[in-house]
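Colleague: make a model of this:
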Amino acid sequence: MTQSTFSPSILSRPVYAVLDSHGATPALMLADAEGAAALIELAERDASVMEHAHLIFIPGGADYGARLRALGPRMYREGPSYAAILPRFRKALADAQMGLRLYLAGTEGLIGQATAEALAAGLPADAIQAEHRGSIARRMQCVHCKGVTENVSTDPFTCSHCGLTLFVRDHFSRRLGAFQGVCVDAETPGIVPPTQEIQP
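Modeller: As a prediction, the model looks like this:
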């Protein structure tokens, strides 16, 4: 799958570019599903990027594992979910030395959560690159109950925690790695616009 293109939006909305190699420097790579294709293309442009790479992959039904291993990263691991790989990701961040580059590729949910984790661990923002691939579903936080709903693909949607009908906003919290959802019928109870698919 090719890189996703998003319409212009508000300033807090993340902007993604094509991953750019920093050569044979220490690297931590994290991808889910179609994000693997971005890492493969990165290595095709510069194979040296894999020489010191610790690559973590969440397949999510995509069959890229053998191709990623064939790139020859220094270390390769797979996990079934972000929650499952989180301890390994945190350990890799804690053990990081100066000059580490973080390459993220895949869904916005993965990119948002991993970026927030890396920044909290002290990795500078300019050491993090992200390329969106795959689903455009969002990770949404309800501003009313603070609950997070994963893989939101419609607007409006129902909060999985408090049941409010929420408007899908482009406002993004880097601290939480999630978009923000607000009650769509707060001023006009019961008047909810028709549901539609989220557009990039």
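Colleague: going forward, measure contacts and count neighbours with C-alpha atoms only.
Modeller: Noted.
Colleague: for the chain, what's the longest strand?
Modeller: If you go by DSSP state E, the chain has its longest strand at strand 165-173.
Colleague: and the gap between A121 and D95?
Modeller: 10 Å (C-alpha to C-alpha, to the nearest Å).
Colleague: low-confidence ranges in this structure?
Modeller: The model of the chain has pLDDT under 70 over residues 1-8, 10.
Colleague: per-domain residue ranges of it.
Modeller: 27-132, 138-194 (automatic domain parsing).
Colleague: mind checking the ones you listed for the one nearest to S9?
Modeller: Closest of those to S9 is domain 138-194, at 7.0 Å (criterion: C-alpha to C-alpha).
Colleague: circling back to that earlier point, more neighbours: A121 and D95, which one.
Modeller: A direct count of neighbours by other C-alpha atoms under 10 Å for A121 and D95 places A121 higher, at 13 against 8.
Colleague: what's near enough to touch the more buried one?
Modeller: R90, L93, A94 (C-alpha atoms under 8 Å, 6 or more residues apart in numbering).
Colleague: among the residues you listed, who's most crowded?
Modeller: Ranking those using other C-alpha under 10 Å puts L93 first, with 20 neighbours.
Colleague: verify the stated contact: that one with L119.
Modeller: No. Taking contacts as C-alpha atoms under 8 Å, L93 lies outside contact range of L119: 9.8 Å.
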